[in-house]
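Asker: Fold the stuff below for me.
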Amino acid sequence: PITAEEVHCHQKESLQESSTSVFDLPRISAIQVAFSEDEIAVMRQMIDLRSASQKVLESLRTSGIIGRPEEVKLRILVNSSSTYETLSSYDGPIREICQISEIEITHNTAEPNHAHPHAGCAIMHFDGQYLPVASDSGKNVTALTLVASRSQRHKCPRCWMHWSLSENALCTRCDDVIMTDYPTMKCA
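Answerer: Numbering: from 1, shown residues only. The predicted structure is shown next:
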């Protein structure tokens, strides 16, 4: 299901709803949610990371290496152990927030302010507003180095994300959805 109406059709039986359209449902008021300071800090890091990734992706787009962010593999070289642990625990959401196909988060133990570029890749050193810029040794260094390149994965014909391991095949996520919702259907 992609549209609100399709979701409603699938959910109305389990919710025991008699409405024929999602637009006929009674309105509910907004729910107040309180976030802890740690959760707010993580959200700020994600916003900062998305902003930085968009800048590095734009350089690939303007050079003609990629057409869409979904074609990108993003390596994040992190200099701080605490930042590495935080980002590593959110690698799936980061991939979705940045709308990229692959992500690799690495604790950078090499020279922190240097990365070796190769053809077809864009590199950006990033000192984010909310990302810590002190290394474990206490020296001020680049918080993150983003290395973006074209993904070697293939575009899924269903979701268009470059998550498929072979050409014209569904990615694992779409294959799971199809097999759950339509178990008798044969997939390529």
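Asker: what helices or strands is the lengthiest helix in the chain leaning on?
Answerer: Scanning the chain for the helix with the most residues, using DSSP state H, yields helix 37-62. Counting contacts by 3 or more CB pairs under 8 Å, 6 or more residues apart in numbering; DSSP states H and E, helix 37-62 packs against strand 72-78, helix 81-88, helix 91-98, strand 121-126, strand 144-150. Heads up, the C-betas are built off the backbone N, CA and C, glycines and all.
Asker: would you list the ones you listed in a markdown table and tack on mean pLDDT?
Answerer: Shown next, in a markdown table, are the helices and strands packed on helix 37-62 (pLDDT from 0 to 100):
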| stretch | mean pLDDT |
| --- | --- |
| strand 72-78 | 86 |
| helix 81-88 | 84 |
| helix 91-98 | 86 |
| strand 121-126 | 60 |
| strand 144-150 | 83 |
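Asker: could these be laid out in TSV, adding distance to T172 and mean neighbour count?
Answerer: Shown next, in TSV, are the helices and strands packed on helix 37-62 (distance: least, CB to CB, whole Å; neighbours: other CB atoms under 10 Å):
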stretch	distance to T172	mean neighbour count
strand 72-78	17	23
helix 81-88	20	16
helix 91-98	12	15
strand 121-126	26	18
strand 144-150	20	22
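Asker: Save these as a markdown table, and put in distance to H162 too.
Answerer: Converted to a markdown table, the helices and strands packed on helix 37-62 look like this (distance: least, CB to CB, whole Å):
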| stretch | distance to H162 |
| --- | --- |
| strand 72-78 | 8 |
| helix 81-88 | 21 |
| helix 91-98 | 11 |
| strand 121-126 | 16 |
| strand 144-150 | 9 |
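Asker: among those, which is nearest I178?
Answerer: helix 91-98 (19.7 Å; CB to CB).
Asker: If we go by neighbour counts, what in the following helix or strand past that closest one is buried?
Answerer: Using DSSP states H and E, the helix or strand that follows helix 91-98 towards the C-terminus is strand 102-107. Residues of strand 102-107 classed as buried: 102-103, 105, 107 (neighbour count, 16 or more other CB atoms under 10 Å).
Asker: what do you get for stretch 148-168?
Answerer: So for stretch 148-168, counting by 16+ other CB under 10 Å, buried means 148-151, 153-156, 159, 161-164.
Asker: ok, back up a step: how far does the longest helix of the chain sit from its chain's centre?
Answerer: Here helix 37-62 is found 10 Å from its chain centre; the criterion is CA atoms, centre = their mean, to the nearest Å.
Asker: how about it: buried residues?
Answerer: 42, 45-46, 48-49, 52-53, 56-57, 60-61.
Asker: Could you single out the nearest of these to T20?
Answerer: M46 (38.2 Å).
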